[in-house]
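Enquirer: Pasting the sequence and the predicted coordinates here, then a few questions.
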Amino acid sequence: MNKAILALILSPVSMTAYAGSPLLPRNITRAGMGPDSSIVMQDVTVLGNRQKDFQMKTSVNAVSIDKQFLQTNFSGSLMQTLSGIPGVKAMSIGSGQSKPTIRGLGFNRMVVTQDGIKHEGQQWGDDHGLEIDQFAVDHIEVVKGPAALLYGSDAIGGVINLYGNYIPTKKLQGSASLFSRTNNESLGLSARLEGTGEHLYWKANATLIDYADYKVPTDKIQYYSYDINLKDKRLRNTAGLERDGSVTLGYKGYNFHTELKLSDAYSKSGFFANAHGLEVRLSDIDYDHSRRDIDLPYQSVNHLKVMSHTVYQQGGLALEADFAYQNNHRKELSEPVSHGYMPTPPGSLEREFRKNTYTGNLQMRLALGSQHTLSAGASAEYQHNRRSGWGFIIPDFETMSFGAYAFDRYTLTKDLILNAGLRYDHVRTSIHSYHDWFKTPTSETDSVFKERSSDLRRSFNSLTWSAGINYATGNWLLKANIGKSFRVPIPKELGTDGVNYHIFRYEKGNPDLDPEESYQLDAGIHWGNGRFTVQLDPYLNYFPNYIYMNPTPNYYEGLQWYHYTQSRVIRYGFELQAEWQFLPFLSAGIKGEYLHAEQLSGEKKGFSLPFSTPWSADGTLRYIFCRHQPGNEGFIAINLHLTGRQDDIVPPESPTPGYCTLNLTAGKDFAFGDKRLRLSLNAENLLNRRYYDHTSFYRLIDVPEPGRNVALMIGFDF
């Protein structure tokens, strides 16, 4: 039975099993749980009598997901697996990767952390996913809504906390998983070995994935009035591979714990060849020779991460320290073809980015009696990014940030809890100038090396705050949180100036952008008894100066021109879910989400924001079998997913039709003493419907979403 708890219902995590400390924000799931009645619905267990204890831990909307949920609902990338959570979506990129969005906000508007360290890759890029091994993740916490108080800039939309800090309980234990997907003929293997002694423990993970060009339910697409035929309905040159590994060494004591983790994630994936400047018509490459080839254009990303985590506890005092070094090396290669005034480049290296990040976090929690807890922390981060290659999109830059916060939680009664916090941040960004390596004519007799980015030094300061309340009465659980968040403009928004062929647009930055500010109100309303639960999570955001990439009617070399601008924006919406266990072995549930965004100023006043998320709803029926055989349980669930038509657009965007898909999930466990065999199946788009995702840049060239896809995983725990 899956113990994932969606929405405000938080899963149990034993302090003896996890290396995380009880400090904020990790204390969200650090309480124990006793026997309880439960309601099961599509891999979601809603715990009846104890949900009050967990929901009273925090006033923000949070979700906790365990490893079994990730295994049972495996559907490709980690973010695609999480996309069933109301408010969480996966922006698909090719066939093997995707980016997360929370309530329609993604990229640098949300934070992804790994064991307490903010993951720092090239988040601004639309065409690559997270460089994290999803099979090394033990559990996940998703914070929906602004969380800048604890995480600083970029957490204006939410946080996805990934934890791989499970401490082994045996001298030797492990697991192995084989998995495959039919749509892109993906094949993968992941293995884990770990062990522990009296005080020392160790862990090792390795993952290998290889996939072919993925299929779409159409024989041809249209790109700039060109009809492009697809061989065997596959997007040519979208194959890829992934190689991940990590090693952890740790020490555990009575009141002291420390661990050191080294991880490396590498991926290589092709770009849809026809979408990259139409070189396919002139290329000597036979893109249809093999569906597993990775030809030009393609990208490779390697992310090296070294992290340390230390916790000390004495009485009511707990101290925590996290330090990390990250190196993100990303390359884009394509055929050397002249564009505009640029002559034929000397090689295939179009873009290269080397980003080094140094991070340090210190946190403290002090219990001031049984009803009062004070938490405080400070963090610092330094980024150093250097570019190369003949194509320009963002300049070299350095960023230094520092932040400190204090958070107070007071329990008036067991059914009424108040919290409040304050944070200060200072960020300095330095952008370097860049001139083209070729000359651009300025007149009939003169030409210059055109400056694309000028030297820029910007400093930003921000004071943010948050306050919340939790209240329980009878079968009702109520919570509310109000606060202010911020986000500093990133170097791409300040200094970009170039063509991005992979996403079909010319992008122009704005060096005068101000930091984004957000005033938000979040609420949670929950009612439940032993058989039925319902949850409503409404929210409201007001941005005095929202930063976004504004589409224009102008074109450069056939690509639409986008430029960064700011306007006043209001966003509001809700997530709703209800679950009914009407028989011990049969349950049903519905869930849905709605988001509306509107610009209140600027040239697009009255319109929405680009790539706004449409409404969606799901209905699921789930049957459990072998429920009286502990360790051998199984389930099958049928799901109907609806997404509405998106007419709420920004000119010159086009509306996107709604769609409906039928999906199926099933799983079965087989126990052999203390060993376990796991089978899981996830079938998406069973009817092979042709549809478009409004948040996907591929819809701009008439590429529909992937067709029918069946993901199968076989796992063995020992």
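Expert: Sure, I can see it.

Enquirer: Flag every buried residue along the strand or helix carrying K591.
Expert: Applying DSSP states H and E as the criterion places K591 in strand 586-599. For strand 586-599, the neighbour count (16 or more other Cβ atoms under 10 Å) marks S587, A588, G589, I590, K591, G592, E593, Y594, L595, A597, E598, Q599 as buried. The way it works is simple: take the backbone N, C-alpha and C, and place the C-beta from them, glycine included.

Enquirer: List the strands paired with it, with their directions.
Expert: Strand 586-599 has its sheet partners listed here by DSSP bridges as strand 559-583 (antiparallel), strand 616-625 (antiparallel).

Enquirer: Can you give me the neighbour number for A321?
Expert: Using other Cβ atoms under 10 Å as the criterion, A321 is surrounded by 16 other residues.

Enquirer: isn't it right next to N361, touching?
Expert: Yes - the criterion here is Cβ atoms under 8 Å, and A321 meets it with N361 at 7.1 Å.

Enquirer: pull the CA atoms of stretch 406-425 into CSV?
Expert: Output of stretch 406-425 as CSV, limited to C-alpha atoms (Å, rounded to 0.1, in the frame of the first residue of the first chain):
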residue,chain,number,x,y,z
ALA,A,406,14.1,34.0,11.9
PHE,A,407,10.9,32.0,12.3
ASP,A,408,8.7,31.7,15.4
ARG,A,409,6.1,29.1,16.1
TYR,A,410,3.8,29.3,19.1
THR,A,411,1.2,26.7,20.1
LEU,A,412,-1.7,28.4,21.9
THR,A,413,-3.6,25.2,22.2
LYS,A,414,-3.3,21.8,20.5
ASP,A,415,-5.9,23.0,18.0
LEU,A,416,-4.6,26.5,17.4
ILE,A,417,-1.0,27.3,16.3
LEU,A,418,0.5,30.6,15.1
ASN,A,419,3.7,31.2,13.2
ALA,A,420,5.5,34.2,11.8
GLY,A,421,8.9,34.9,10.2
LEU,A,422,11.1,37.6,8.8
ARG,A,423,14.0,37.4,6.2
TYR,A,424,16.6,39.8,4.7
ASP,A,425,18.5,39.1,1.5
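
Enquirer: And the average pLDDT for stretch 313-323 is what?
Expert: In this model, stretch 313-323 has a mean pLDDT of 95.

Enquirer: if I look at the residue of the chain most remote from its centre, how far off is A212?
Expert: In the chain, counting by Cα atoms, centre = their mean, T445 sits farthest out from the average C-alpha position, at 51.1 Å. T445 is 53 Å from A212, where distance means Cβ to Cβ, to the nearest Å.

Enquirer: same check, this time on K268
Expert: Separation of K268 from A212 (Cβ to Cβ) stands at 13 Å.

Enquirer: Among the two, which residue is more densely surrounded?
Expert: A212 (21 against 17).

Enquirer: so what's the backbone phi/psi at the more buried one?
Expert: phi -100, psi -180 (degrees, to the nearest 10).

Enquirer: I'd assumed A239 was in contact with it.
Expert: Yes - counting by Cβ under 8 Å, A212 touches A239, with 5.0 Å between them.

Enquirer: Run through this protein and note the low-pLDDT ranges.
Expert: Confidence mapping of the chain against pLDDT under 70 gives the ranges 1-55, 92-97, 125-127, 224, 276-279, 281, 502.

Enquirer: Quick check, central residue of it?
Expert: P100 (3.1 Å).

Enquirer: Would you mind giving the secondary structure of that residue?
Expert: Three-state assignment for P100 (DSSP: H, G, I helix; E, B strand; the rest coil): strand.

Enquirer: check contacts around the nearest residue to it once chain neighbours are set aside.
Expert: Once flanking residues are discounted, P100 sits nearest to M79: 4.4 Å by Cβ to Cβ, 6 or more residues apart in numbering. The contact partners of M79, by Cβ atoms under 8 Å, 6 or more residues apart in numbering, come to A90, M91, S98, K99, P100, G129, L130.

Enquirer: out of the residues you listed, what pair is the most spread apart?
Expert: Maximum pairwise distance in the contacts of M79, criterion Cβ to Cβ, is 11.4 Å, between M91 and L130.

Enquirer: what is in contact with these two at once?
Expert: Shared contacts of M91 and L130, defined by Cβ under 8 Å, 6+ apart, are found at M79, K99, P100.

Enquirer: mind checking how far the second one is from L78?
Expert: Think K99. 11 Å.

Enquirer: Repeat that for E593.
Expert: Distance, E593 to L78, using Cβ to Cβ: 20 Å.

Enquirer: How about V88?
Expert: According to Cβ to Cβ, V88 and L78 sit 11 Å apart.

Enquirer: With S263 instead?
Expert: Using Cβ to Cβ, one gets 14 Å for the distance from S263 to L78.

Enquirer: And for S308?
Expert: With the distance defined as Cβ to Cβ, S308 ends up 24 Å from L78.

Enquirer: out of the two, which sits in the more crowded spot?
Expert: The neighbour count for S308 versus L78, taken as other Cβ under 10 Å, is higher for L78 (25 against 17).

Enquirer: Which residue comes closest to that one once chain neighbours are left out?
Expert: Nearest residue to L78, sequence neighbours excluded (Cβ to Cβ, 6+ apart): Q134, at 3.7 Å.

Enquirer: can you tell me which residues contact that neighbour?
Expert: Q134 makes contact with L70, S77, L78, T81, T207, according to Cβ under 8 Å, 6+ apart.

Enquirer: Generate JSON lines for those residues, with distance to R243 as supplementary columns.
Expert: Supplementary listing: these in JSON lines, determined by distance: Cβ to Cβ, whole Å:
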{"residue": "L70", "distance to R243": "20"}
{"residue": "S77", "distance to R243": "15"}
{"residue": "L78", "distance to R243": "16"}
{"residue": "T81", "distance to R243": "20"}
{"residue": "T207", "distance to R243": "7"}
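
Enquirer: Tell me the one of the residues you listed nearest H384?
Expert: H384 has its nearest neighbour among those in L78, at 27.2 Å by Cβ to Cβ.
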